[in-house]
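>>> sequence and predicted structure are below.
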Amino acid sequence: MPKTTGAFVSLMMLLSSTALAGAEEATLWVRTSSAPVLEGLAQRYNAAHSDKITVTAITAEQMVPKLGAALAGGTPPDGAVLDLIYMPTFAANESLEDITDFVKSRPYANAMSPSHIRLATYEDKIYGVPALPDASIIAYNTDLFQKAGLDPAKAPASLEELAADAKKIAALGNETYGFYFVANSGSWLIYDFLPHLWAAGADILSPDGREATVDTPALRETIAAYREMWKNKAIHPTSRSGNGNNAVEAFASGKVGILMTGSYIVNLLTSKYPDVKFAVAPIPGPKGGESSFAGGDTLALMAGVGEEKKRVVLDFVDFYMAPENQVYITKESGMPSRTDLAADAYASFDKRNLVAYDILTKARTPYTFSSDELFVSRTGPFVNLIQEAVFGEDVDGAIKRAQDDFSKVLKRTNP
């Protein structure tokens, strides 16, 4: 082999090894429900970059305790894709990396879900970006609307109108019910019930999450509408005790007029129950207005992450925020992370998805440092409030107990 050729080969090998040595691998923990989409995005990223993203799936129930243990033990992942409702708690505990400058410098900064950014913000610093959002909506059976003498092209514009529609549908008889909501799950209730209050400009917590504001006219009007539907047997009987596992099947049976649900419902019904005729709409307030629960995931970096790992994870954010990958996310999970790509994201998909997409800019999420204890727990004050106030007899007592119990939890858990 000529000396010049040998030298060239040696140089190429040196450059190759240097490039490989300079490649970084960043680790992301994600919820199992989000893993397929994020693993797909990581594969797409890894195929185009020398740096790599490694995704590890953690069950939703184990994510918070496992991440907390890893942080305490000094062995956390470089980043995590969390249920956005936990962001204030982790930020207040100084567990997350400040990425304010990155977020504000992005060309898509104004297109990020407002609620995801709000919950990722603590003391004016931003600690996360939207990953896989979703939004709560209502779905209604257009065939049942027509049979009940209602206009199937006209969604209920208020909760009062929704309740009236539900009673007309229930009057059809033959074990037909006008309304289905999941009353025995805090996760479902904050997703479906709280938007009624937000649509009326009210809330169950103060904006900073530190005080309870349970007793409002909007709450009482919402409870009154639900009580009226229950009294008139317009609510499906398993709503009271169910955990949500049978909600879609009940609606798909053609025996439920209106379902409190989420943005996933459009793609789920069209793929699994193609014969169901339905439309979707925002969740209305008692007398009008509309809102939604902004759910889903937020990507955050762990505090103290190395600069090179941080660079890779933030580069991955830019990658999945690109329009072509937002289309991929829409195809796989139903909703893009950006609110400015409707034409691109939904060009090839069911246009009913746009209802949830459009309401995301008005959607909210409770800002709290104690979400599990207040809202998620089956024995917590929020589930007790709905069970007692909607299905019980002492509405005033239920509201007072909820206010007191909320205040006790907040006093003990606020940072």
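Yes, it's here. Residues are numbered from 1 along each chain as shown.
>>> what's the neighbour count on D98?
16 (other C-beta atoms under 10 Å). C-beta: built from backbone N, CA, C; applies to glycine.
>>> to clarify, my last question referred to L144.
25.
>>> quick one: contacts for it?
Applying C-beta atoms under 8 Å, 6 or more residues apart in numbering to L144 gives the contacts 169, 172, 176, 254, 256-257.
>>> pLDDT averaged over stretch 133-142 - what is it?
Taken as a whole, stretch 133-142 has an average pLDDT of 97.
>>> T121 contacts Y127, doesn't it?
Yes - if you go by C-beta atoms under 8 Å, T121 and Y127 touch, sitting 7.3 Å apart.
>>> between these two, which contacts overlap?
Taking C-beta under 8 Å, 6+ apart as the contact rule, T121 and Y127 both touch A91.
>>> between the two, who's got more neighbours?
Neighbour count, other C-beta under 10 Å: between T121 and Y127, Y127 has more, with 26 against 18.
>>> give me the number of residues near the closest residue to the more buried one other than its chain neighbours?
Spatial nearest neighbour of Y127, excluding adjacent residues (C-beta to C-beta, 6 or more residues apart in numbering): L96 at 4.0 Å. L96 has 27 neighbours, counted by other C-beta under 10 Å.
>>> which element is the residue nearest the centre of the chain on?
Nearest to the mean C-alpha position of the chain, by C-alpha atoms, centre = their mean, lies G295 at 1.2 Å. Using DSSP states H and E, G295 maps to strand 294-301.
>>> the stretch 1-150 of the chain: helices as residue ranges?
Remark: helices assigned in the stretch 1-150 of the chain by DSSP state H, counting those that start in this stretch are 3-22, 35-48, 60-72, 87-92, 100-105, 114-119, 142-147.
>>> between these, which gets the lowest average pLDDT?
Mean pLDDT is lowest for helix 3-22 among the helices of the stretch 1-150 of the chain, at a mean of 48.
>>> wait, P195 touches S136, no?
Yes - look at P195 against S136 with C-beta under 8 Å: they come within range, at 6.0 Å.
>>> tell me which of those two has more neighbours.
P195 (30 against 26).
>>> identify all contacting residues around the helix or strand where the more buried one lies.
Assigned by DSSP H and E, P195 belongs to helix 194-199. If you take C-beta under 8 Å, 6+ apart as the criterion, helix 194-199 is touched by 136, 159, 203-204, 216, 218-219, 222, 282-286, 288-293, 363-364, 366.
>>> which SSE is immediately downstream of the strand holding G295?
helix 307-321.
>>> quick revisit: between P195 and S136, which contacts overlap?
Common contacts of P195 and S136, defined by C-beta under 8 Å, 6+ apart, comprise 283, 292-293, 363.
>>> who touches Y226 in this structure?
Counted by C-beta under 8 Å, 6+ apart, Y226 has contacts 163, 181, 235, 390.
>>> just to revisit the earlier point, quick check: the gap between the residue nearest to Y127 and L119.
L96 sits 12 Å away from L119, going by C-beta to C-beta, to the nearest Å.
>>> what do the two both touch?
Common contacts of L96 and L119, defined by C-beta under 8 Å, 6+ apart, comprise 87, 128.
>>> got the phi and psi for the closest residue to A70 other than its chain neighbours?
Closest residue in space to A70, ignoring its immediate chain neighbours: P76 at 4.3 Å, by C-beta to C-beta, 6+ apart. Torsion angles at P76 (phi, psi; degrees, to the nearest 10) stand at phi -80, psi 160.
>>> doesn't A69 make contact with P76?
No - contact criterion C-beta under 8 Å: P76 and A69 do not qualify, at 9.2 Å.
>>> of those two, who's got more company?
More crowded of P76 and A69, by other C-beta under 10 Å: P76, with 22 against 12.
>>> just the strands in the protein please.
With strands called from DSSP state E, the chain shows them at 25-31, 52-58, 79-83, 121-122, 125-126, 129-141, 177-180, 256-262, 278-281, 283-284, 290-291, 294-301.
>>> output these in JSON lines, with distance to D101 appended to each entry.
Output for the strands of the chain, formatted as JSON lines (distance: least, C-beta to C-beta, whole Å):
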{"stretch": "strand 25-31", "distance to D101": "19"}
{"stretch": "strand 52-58", "distance to D101": "22"}
{"stretch": "strand 79-83", "distance to D101": "17"}
{"stretch": "strand 121-122", "distance to D101": "14"}
{"stretch": "strand 125-126", "distance to D101": "9"}
{"stretch": "strand 129-141", "distance to D101": "13"}
{"stretch": "strand 177-180", "distance to D101": "45"}
{"stretch": "strand 256-262", "distance to D101": "33"}
{"stretch": "strand 278-281", "distance to D101": "38"}
{"stretch": "strand 283-284", "distance to D101": "35"}
{"stretch": "strand 290-291", "distance to D101": "31"}
{"stretch": "strand 294-301", "distance to D101": "13"}
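>>> between these, which one is nearest to D340?
D340 lies closest to strand 129-141 among the strands of the chain, at 12.3 Å (C-beta to C-beta).
>>> what residues sit buried inside the closest one?
Neighbour-count burial for strand 129-141 flags 129-141 (criterion: 16 or more other C-beta atoms under 10 Å).
>>> tell me how far that strand lies from the chain's centre.
The chain centre lies 6 Å from the centre of strand 129-141; the measure is C-alpha atoms, centre = their mean, to the nearest Å.
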